[in-house]
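Novice: Sequence and predicted structure below; questions after.
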Amino acid sequence: MLTDYHNHLERGTLTLDYLKQFTDNAKSKTIEHFGISEHAYHFYQTKNILSNPWVNERRYYDMEDYVKLFQQAWDAQIDVKMSIEMDYTPGKHQEMAEFIKNYDFDYVIGSIHWIDDFGIDLGEYKHEWETRNLKETYTSYFDQVVTLAQSNLFDIIGHIDLVKIFNYIPTDEEFLFEQYERATTALANSKTCVEISTAGLRKQVGQLYPDPRLLQLCYNKGIPIVLSSDAHVPEDVGRDFDKAVDLARSVGYTSIMTFQKGERKEVPLG
C-alpha cells in the first residue's frame, strides 16, 4: 500500500480537469491513497490565523469552491482525499482548531514555514540565512515542532525538517540530536504522524525529509508514517517513492497510516 497525501493545485486551477491530472498520475503509479492538501493561507477563511505581506498577496481562494471541487470529484467516482496544509502558527491554536472543525477533512497536515516573519523555505528570504544564528534558528524551528505536536490539531506533520532546505545544517551533531530527540518525544505523545517526503530531493538540500537519524528516532518511539511527494505539478506525484520506501524500511518500518474522514488505519507498506 502506498499513500501520497501532500499535493497542491496552486500552480493550476481548482478544476476537475486539473485535479484529474494528479489522480490519474497517482493511479498509474499504483498509489492507492491520494490526497490534495492545498496551502491554507490561500483561502480567505484563514486571514485571522496567518497574515503577512507575502501571504496576503497569495490569498485568493474561497473554501466553498475548494469543497465543491472535491464533491464534484466524488460524484465522478474519483477517489481523492480532501485535506489542507496549515501553517502552524503559534498563539493561534483556537483559530486553527475552529477552521479545521468547519470542514470535513480526511486528514489535516500541519507544517512550519515561518519563524516569526522569516519564511525559511522561500527564495525571497534565502539571503537571511547568512545573517541569522543557525543554532538559534534551528532551536526556534524545533520549538514549533514541539508545540505543533502538543497542540494535537494535526494528523500529519509535513516535511518535519524543512529547516534544512537550503543546506544550512548545524555541524554540531549533539545539538542536532537534541532537537530531533525533543521533537520526536513530543510527536510520540500526540496523534501526529510523520511524512516521509520526497520533495527535499527536488530542493537545494537534495535529501529526503526527514533525515535518516530523525526517522530512526520516530520509529524507535512508535510514531506512524505516511508517504508524500509534495507535488505542485501532476508529474511529481509519487516521484522518487522507491527512495522513500527504502528509507522507511531501512529504519524498521513495515507499515504506513491511511486516513478516511479523520479515521486512521494502519496498512502494510507496499
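Specialist: Perfect, I can see it now.

Novice: Just say helix, strand or coil for Ser190.
Specialist: coil (DSSP: H, G, I helix; E, B strand; the rest coil).

Novice: Please apply the same query to the one 4 residues further on.
Specialist: Using three-state DSSP, the secondary structure recorded for Val194 is strand.

Novice: what sits against it?
Specialist: Applying Cβ atoms under 8 Å, 6 or more residues apart in numbering, one finds that Val194 lies in contact with Ile156, Ile157, Ile160, Leu187, Pro210, Leu215, Cys218, Ile223, Pro224, Ile225, Val226. (C-beta placed from N, C-alpha, C; glycine too.)

Novice: Let's have these in CSV, adding distance to Ala244, pLDDT and secondary structure.
Specialist: Shown next, in CSV, are these (distance: Cβ to Cβ, whole Å; pLDDT from 0 to 100; DSSP: H, G, I helix; E, B strand; the rest coil):
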residue, distance to Ala244, pLDDT, secondary structure
Ile156, 14, 98, strand
Ile157, 16, 98, strand
Ile160, 14, 98, coil
Leu187, 18, 98, helix
Pro210, 11, 98, coil
Leu215, 10, 98, helix
Cys218, 14, 98, helix
Ile223, 16, 98, coil
Pro224, 15, 98, coil
Ile225, 9, 98, strand
Val226, 10, 98, strand
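
Novice: would you list the residues you listed in a markdown table and tack on distance to Gln179?
Specialist: Listed next are the contacts of Val194 as a markdown table, based on distance: Cβ to Cβ, whole Å:
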| residue | distance to Gln179 |
| --- | --- |
| Ile156 | 20 |
| Ile157 | 14 |
| Ile160 | 11 |
| Leu187 | 12 |
| Pro210 | 11 |
| Leu215 | 14 |
| Cys218 | 13 |
| Ile223 | 15 |
| Pro224 | 21 |
| Ile225 | 19 |
| Val226 | 22 |
